[in-house]
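*Asks:* What shape does this take:
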Amino acid sequence: MKQLMLLLILILLLTSLPAAAVQLGEPTPVPVQGAYMSPIWRPDGQGLALAGPGYRGLYFTDLAGNASVISDASKAGWKFAWGPDGELAYRVQQEDGSGMALMVTGKDGSVKQVSPFLNEIYPATWDKDGLTYRSGDELITVDKDGNIKKVRSLSQGRGLLSKIASVSASLTLGHITGTTFAAFGSLLSSEEARQKAGKGVFVDPDNQIWVVDEKGNKKKLIDVAEEHGYFNPIESPDGKYAVSGLSGNLYVADPNGGEPVDLGVGSNPTWSPDGRYLIFQRSTDDGHNITSSDLWYCNADGTGMTQLTDTAGNETSPSWSPDGSSVAYVIDGVVYVAPVE
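*Replies:* From the prediction side, this is the model:
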């Protein structure tokens with residue numbers, strides 16, 4: 001019994017010690033030709049999706065530099081999302097700029113259009129129900145083949161008729177596969193279509209971020225004095241959010257309540273796989289271009305703030321690997337991978 005008590009005390013002491021600071025080892029360039037932005041690891045850790053310059057085009061490369069083109073469309077590289085089985089969801093813009101549609105490229109290279117071309121379509125997210133995107137006042141969930149699973153309203157059904165009109169117009173122009181006017185029509189008369197959005201987080205047109213519970217009740221995720229708006233909520237594996245403010249500061253907010261943590265100036269956060277740590281970039285600019293940028297690390301509660309890089313290059317867009325062993329980032333268009341130590 002005495003030995004057991006001593007063991008428990010030792011475990012308690014070890015778990016109460018502060019976590020060792022993360023450091024990055026020597027970075028290795030990924031030998032892929034071209035200039036890139038926003039590397040994001042595939043869920044199996046076997047490669048990276050990359051955006052082209054100005055977010056035009058979306059690409060995949062393994063760590064040996066064997067690259068393939070996912071899409072060369074305008075804005076395809078802006079806010080793409082990996083699916084659980086290695087699918088990539090992204091948006092493509094019509095060449096005349098009149099609308100955007102959501103596409104999914106499978107791990108086997110197959111491509112499917114899973115939304116109509118719409119005047120307004122926000123970046124999509126994957127969850128247990130499928131792929132959800134927002135357009136106007138609706139959250140529309142489809143499977144990876146584009147079959148509509150549900151339509152939820154952020155305004156108790158207002159705006160759904162205009163959505164159906166948009167879908168109808170797209171159908172007439174022959175821009176749609178996998179989504180049907182009939183499916184939207186059937187949802188219009190259903191109770192589900194008239195309900196508020198289900199549980200989740202969304203950004204409204206006034207740049208406020210809302211948490212919606214299972215009953216459709218909503219509350220602000222974050223509300224900091226003198227911060228006029230927010231964008232890009234990035235969820236951690238344990239349900240917190242890293243949120244960018246319009247001021248340039250980065251915050252950690254908990255949907256379950258509590259005061260948000262102000263991390264100071266920062267952007268492009270990436271969570272560790274266990275949700276305990278963040279790596280992000282701190283940059284300065286001249287109003288047009290980034291003049292300096294380095295990577296920083298901290299605990300989710302804001303403690304342990306540590307500068308990870310300090311070079312003449314501009315380190316941007318960090319992405320923590322799924323197994324936690326590496327971080328990918330960009331230095332002036334070249335993709336690097338550094339071990340986490």
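*Asks:* Give me the most central residue, the protein.
*Replies:* Residue closest to the average C-alpha location in the chain (Cα atoms, centre = their mean): residue 234, at 5.6 Å.
*Asks:* That one: what secondary structure?
*Replies:* Put simply, residue 234 is strand when judged by DSSP: H, G, I helix; E, B strand; the rest coil.
*Asks:* Next, the contact list for the residue lying closest to it once chain neighbours are set aside, please.
*Replies:* The shortest distance from residue 234 to any residue other than its chain neighbours is 4.5 Å, reached at residue 242 (Cβ to Cβ, 6 or more residues apart in numbering). In this view, the C-beta of every residue, glycine as well, is placed from N, C-alpha and C. Shown in contact with residue 242 (Cβ atoms under 8 Å, 6 or more residues apart in numbering): 233-234, 236, 250-252, 269, 271, 278, 280.
*Asks:* What are the phi and psi values at residue 242?
*Replies:* Backbone torsions of residue 242, given as degrees, to the nearest 10, read phi -90, psi 130.
*Asks:* Could you list the paired strands of the strand or helix carrying residue 330 along with their orientation?
*Replies:* Secondary structure from DSSP states H and E places residue 330 in strand 326-331. Counting by DSSP bridges, the strands paired with strand 326-331 are strand 315-320 (antiparallel), strand 334-339 (antiparallel).
*Asks:* mind checking which of these is nearest residue 149?
*Replies:* strand 315-320 (28.8 Å; Cβ to Cβ).
*Asks:* can you count the residues close to residue 63?
*Replies:* 17 (other Cβ atoms under 10 Å).
*Asks:* quick revisit: measure the residue nearest to residue 234 to residue 80 for me?
*Replies:* 18 Å (Cβ to Cβ, to the nearest Å).
*Asks:* Next: residue 213.
*Replies:* 28 Å.
*Asks:* more neighbours, the two?
*Replies:* Shown here are residue 213 and residue 80; by other Cβ under 10 Å, residue 80 has more neighbours (24 against 14).
*Asks:* List the residues that contact that one.
*Replies:* Per Cβ under 8 Å, 6+ apart, neighbours of residue 80: 40, 49, 51, 58, 88-91, 123.
*Asks:* Around the closest residue in space to it that isn't next to it in sequence, count how many other residues there are.
*Replies:* Computed as Cβ to Cβ, 6+ apart, the closest residue to residue 80 that is not its neighbour in sequence is residue 90, at 4.0 Å. As a burial measure, residue 90 scores 25 neighbours (other Cβ under 10 Å).
*Asks:* tell me the secondary structure for residue 90?
*Replies:* Quick answer, by three-state DSSP: residue 90 is strand.
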